[in-house]
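J.: Could you look at this predicted model? Sequence included:
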Amino acid sequence: MNVPLIIFSSQDFDDLPTRKHRIAKKFASQGSKVIYIEAPFTHLSAIKDPTYRPKVERKNQIREVSPNLWVASPPPMMPFYGRFGFAQNSACRTLAGFAKKAIEKTSFPKEFACLFYLPWMEPVTRMIKPKVALYDCVDDHAGYGGTSSKSFIERAEGKLCKKCDTVFVTARSLAKRLSLFNPKTVYMPNAVDPELFRQVRPSPEIEKIPAPRVAYAGALRWWFDTSLMLEVAQRMPKANFIFIGAERNGELGEEGQRLRSLGNVHFLGKRPQEELPSLMSGASCGIIPFRQNSLVASVSPLKLYEYASMGLPTVSVPMEELEGMPEDVVKIAKTSGDFILEIGKAITEGPNKKRMEDFVSKNTWEARIKTFEETLLGLWQEK
């Protein structure tokens, strides 16, 4: 049975693919019609942040990117939707109206399911009335700060959970909190596509960088611990550190600039996902150098699974989601000294490939999406 699906995403479609992209593509490939609504943005961010220029240029566009899959780029909306109820309702009206426009333009079925990725969208469920509503919580959204109010987001998220038929979460801490609002809360951590993230020959660009190499792939945002990495890179001058990802509006600050100036540090910028294996290949380990805060405490680190699929052990700061994972897969470093020590061990000892393969085989996107499909299909048939 094909279930038409509208995804209200927290990412743009051309961002590095995560679970929301994979669900969209999987459903479309199986014959279900899918509308992927890109991350919303505000009038204020469109003016203040030049990185939003591409979003402004494609606002209101609805385009078919592959059979059965449409990507819809919303118009700007009122700011402060994460702080005031009137702004939230205004933003939701904008998104709901745009969704209705996309439904009409694509001749979408009248009965459909909605998958929400942002915690303040409960009013949208009342405005477009999906047959099945699902919330996939992949972060502690209240921990982002900015113009949002922590208490407001937590209340809004509780209302959305109550309204949805099922809630999916990436982390055990999220499951514990959100199951209080909806007992049908399913723990579904991140995973990997082993066909994509596999050991390949390093790209010529990478071969020019002497081994040993240490890799990081992901966003370079305010939660990236530049202070930690500055100390580690300075104290390990014989190791080369490769950072793959985009920095937004200089969020790494002065320490980020100092880190970039080091001779053994290489920032490669944002790259397409298909390039990542050749850029990380041949590294001694992957790293997760995040700051300790409530947001990081509830993260299911996607990069851990990608590193493991490529045979790279991970060295990470403490994270609740990593507790109990095999030591051959991830080493937890509580201090900068521990971080340096574990990187050194990874360089000299090499990986336990058998343990890596076993870990990856149990954590594939195919298995995760099957869980999502079975849950959605069951709800659809019930209704």
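T.: Perfect, I can see it now. Numbering: from 1, shown residues only.

J.: Point out where the stretch 51-200 of the chain drops to low pLDDT.
T.: 142-147 (pLDDT under 70).

J.: the helices in it, which residues?
T.: Under the criterion DSSP state H, counting those that start in this stretch, the stretch 51-200 of the chain contains helices at 53-57, 85-105, 122-128, 150-163, 172-178.

J.: Dump the ones you listed into a markdown table; add distance to residue 228 and mean neighbour count as well.
T.: From N, CA and C alone the C-beta is placed, and that goes for glycine too. Putting the helices of the stretch 51-200 of the chain into a markdown table (distance: least, C-beta to C-beta, whole Å; neighbours: other C-beta atoms under 10 Å) gives the following:
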| stretch | distance to residue 228 | mean neighbour count |
| --- | --- | --- |
| helix 53-57 | 32 | 13 |
| helix 85-105 | 36 | 18 |
| helix 122-128 | 38 | 19 |
| helix 150-163 | 25 | 18 |
| helix 172-178 | 22 | 19 |
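
J.: possible to save those helices as TSV with distance to residue 39?
T.: Below are those laid out as TSV (distance: least, C-beta to C-beta, whole Å):
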stretch	distance to residue 39
helix 53-57	8
helix 85-105	11
helix 122-128	14
helix 150-163	16
helix 172-178	20
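
J.: and residue 76, which of those is closest to it?
T.: Of all the helices of the stretch 51-200 of the chain, the one in closest proximity to residue 76, counting by C-beta to C-beta, is helix 53-57 (7.2 Å).

J.: Now do that closest one: which elements does it pack against?
T.: If contacts are counted by 3 or more C-beta pairs under 8 Å, 6 or more residues apart in numbering; DSSP states H and E, helix 53-57 sits against no helix or strand.

J.: neighbouring contacts of that helix?
T.: For helix 53-57, the external contacting residues (C-beta atoms under 8 Å, 6 or more residues apart in numbering) are 12, 38, 41, 46, 73, 76.

J.: for the closest residue to residue 371 other than its chain neighbours, what are its contacts?
T.: Counting by C-beta to C-beta, 6 or more residues apart in numbering, residue 188 is the residue found nearest to residue 371 once chain neighbours are left out, at 5.9 Å. Contact partners of residue 188, counting by C-beta under 8 Å, 6+ apart, are 136, 168, 169, 170, 368, 371, 372.

J.: Phi, psi for residue 188 please.
T.: phi -140, psi 80 (degrees, to the nearest 10).

J.: So which elements touch the host helix or strand of residue 278?
T.: Under the criterion of DSSP states H and E, residue 278 resides in helix 276-280. With contacts taken as 3+ C-beta pairs under 8 Å, 6+ apart, helix 276-280 sits against helix 204-207, strand 213-217, strand 240-244.
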